[in-house]
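>>> Following is a predicted model, sequence given first.
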Amino acid sequence: MSQAVRRTAFGLAAAWALVANGSEAQIFVPNAFADAVTVYEYTAAGNDPPLRTIQGPNTGIDLPFALAVDNEAGELFVASFSSDTVLVYPLAANGNVVPIRTKATQSPIGMHVDSRHGELFVRNFGTQAVSVFKLVGEAPPHRILGGPATTIDDNAVDLFVDTLNDELVIANRSSEDPSEILFFARTASGDVPPQRAISGPSTGLLAPYSIYVDAVHDEIFVGDSDSAVRVFDRRASGDVAPLRTLELASGLVSGVFVDLAHDELFLGIRDNPPGNQRLAVYDREAAGAAQPLRVIAGSATGLDYPSILELRSRQVFADGFETGNTSAWSLVVEEVTTDKEVEGSGTDEGPRG
């Protein structure tokens, strides 16, 4: 596919992922128009070049639109949109490397790894489906969520698996109907309706591209196409206003991630002209016209139309989610135990991808 056709037909390009690599966090970025994954230091800023690049004919990468990471196994999952394939590499992969295994799936555009349950969730663009695979092996999906009753739009892009509250959350971007945030049981399968939705004029949602559930603070961050990040109460439902809105000067907020270890909000921003593609880092509670703490942008970065931002870090809870007593769950990120505890009852009420 030619570069011109790619830009015209898709208008999407890259996903981001923040990955815990031992004691070192790194940012993984798939660049769709370069058929490449670039890796940066966590503290990268300005026109910093990547630490390494996965690129070349042996990689099989063709229009990578999303990333997902299994920190437990040390594996990187790349959504190769044009080849209808999810490609799996070691996190330390570099250069023109062959994937260690593949998973066939139609038009993968959004992904999330659920290491706790050993599953990979894939949003299949152009369909109403979410395909769920076992992380290991190359077998077909063992369940598929999809059909008219789900109300999942063909144009929906990103999803998030909230393992703390056992929910699958989808940013239901629509080209015709009003956009909304859909909530399903994590194990939902077949043609079933959502358990609830955030939808309506008060939400301000336009065409959400990215989503992140912060279960520690009970907040949902939604990256939208109108240069805004809208933050909702995780337990909200129906036609509700955001708790706060971060307004950017320009660009489509194509990726969002909350780094709980440093209380920072990472955004992937696709903008025009092409040289204005960037990754911006804000305070987690930033609102209004707040300025970023740092920005990665420039010709040396290799960024090219970043789209779905899915930043990944090692986040587990001290009791392994076993007790169900949320007041006892203490968050561990990058092997540093914080003093933040999860508050509330841990029920399924409320609304990442």
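Thanks, I have it.
>>> Tell me which residues touch residue 294, please.
45, 46, 280, 281 (CB atoms under 8 Å, 6 or more residues apart in numbering). (Each C-beta comes from the backbone N, C-alpha and C, glycine too.)
>>> Just the pLDDT for it.
Residue 294 is assigned a pLDDT of 94 by the prediction.
>>> still on that earlier bit, so which of the contacts of residue 294 is the closest to residue 225?
Nearest to residue 225 among the contacts of residue 294 is residue 280, at 16.0 Å by CB to CB.
>>> ok, how many other residues are close to that closest one?
22 (other CB atoms under 10 Å).
>>> Checking it next. Helix, strand or coil?
Here residue 280 is recorded as strand under DSSP: H, G, I helix; E, B strand; the rest coil.
>>> Now restrict the contacts of residue 294 to buried residues only.
280, 281 (16 or more other CB atoms under 10 Å).
>>> In the sheet, which residues pair with residue 25? Tell me.
Beta-bridge partners recorded for residue 25 (DSSP bridges): residue 20.
>>> Let's have the contacts of residue 294 in JSON lines, adding distance to residue 90 and pLDDT.
Output for the contacts of residue 294, formatted as JSON lines (distance: CB to CB, whole Å; pLDDT from 0 to 100):
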{"residue": "45", "distance to residue 90": "27", "pLDDT": "94"}
{"residue": "46", "distance to residue 90": "29", "pLDDT": "94"}
{"residue": "280", "distance to residue 90": "29", "pLDDT": "91"}
{"residue": "281", "distance to residue 90": "27", "pLDDT": "92"}
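>>> Export the contacts of residue 294 to TSV and append columns for distance to residue 204.
Shown next, in TSV, are the contacts of residue 294 (distance: CB to CB, whole Å):
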residue	distance to residue 204
45	30
46	32
280	20
281	23
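>>> where's residue 55 relative to residue 29, distance?
Residue 55 sits 12 Å away from residue 29, taking CB to CB, to the nearest Å as the criterion.
>>> Compare the two (neighbour count), which wins?
Neighbours were tallied for residue 55 and for residue 29 using other CB under 10 Å; the higher tally belongs to residue 29 (29 against 19).
>>> Surely residue 281 and residue 297 touch.
No. With contact defined as CB atoms under 8 Å, residue 281 does not reach residue 297; the gap is 11.6 Å.
>>> any shared contact partners between residue 55 and residue 29?
residue 37.
>>> quick one, strands of the stretch 101-250 of the chain?
101-104, 108-114, 119-124, 130-134, 143-145, 159-162, 167-172, 180-185, 196-199, 210-214, 219-223, 228-233, 244-247 (DSSP state E, counting those that start in this stretch).
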